[in-house]
Structure formats: structure tokens, C-alpha cells
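J.: quick one: sequence plus predicted model below, questions after.
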Amino acid sequence: MLVYYEAGLAHGFDLGYRAAQRAEEARWAAIAATIHQTARAEPYDQLCERRGEPDRAQTQRHILNDRDIW
């Protein structure tokens, strides 16, 4: 009877491991989608210009320039 218990226990661990792997893959897929969406988005300074906030846009440009990002 112990053999059946051990087989069931191993099977349960295997099911749990596979479920955790699927959940992790789903999380990474969501992260990748967010990164791709962010990369395609309009830059913040341009959004500020469009909203009529030129001072905020200029501040953003200075920040990016000071940090050698742009």
C-alpha cells in the first residue's frame, strides 16, 4: 500500500510543479506584452506637448538628457 501512496504523492508533486511552470510562463508572457506595449507607446514628452504642457515636456527632455537616456 505504501507504493501506491508514494506514487500518488509523486504524481501530486508533478502536477503541482507543472501548474507552477504554467503560471510562471503566463506571468512572463504578460511581462513581455507590457514591455512591448510600453516600447511602442508615444514618448512622455510628446504626450505632454499634445496635452498643452510644454513646461512638463521640457522638464522631461532635460531629465532624459541629463541621464544620457536620450
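T.: Nice, thanks for sending it over.

J.: contact partners for residue 60?
T.: 44, 45, 48 (Cβ atoms under 8 Å, 6 or more residues apart in numbering). Backbone N, C-alpha and C define where each C-beta goes, glycine included.

J.: and the spatially most central residue of the chain, what's its pLDDT?
T.: With distances taken as Cα atoms, centre = their mean, residue 31 lies nearest the centre of the chain, 2.3 Å away. Note for residue 31: predicted pLDDT of 97.

J.: and for residue 70?
T.: On pLDDT, residue 70 comes in at 71.

J.: SS state for the nearest residue to it once chain neighbours are set aside?
T.: Spatially, and ignoring its direct neighbours in sequence, residue 70 is nearest to residue 64 (3.8 Å; Cβ to Cβ, 6 or more residues apart in numbering). For residue 64, the assignment made with DSSP: H, G, I helix; E, B strand; the rest coil gives helix.

J.: just residue 25 next, same as before
T.: Look at residue 25: counting by three-state DSSP, its state is helix.
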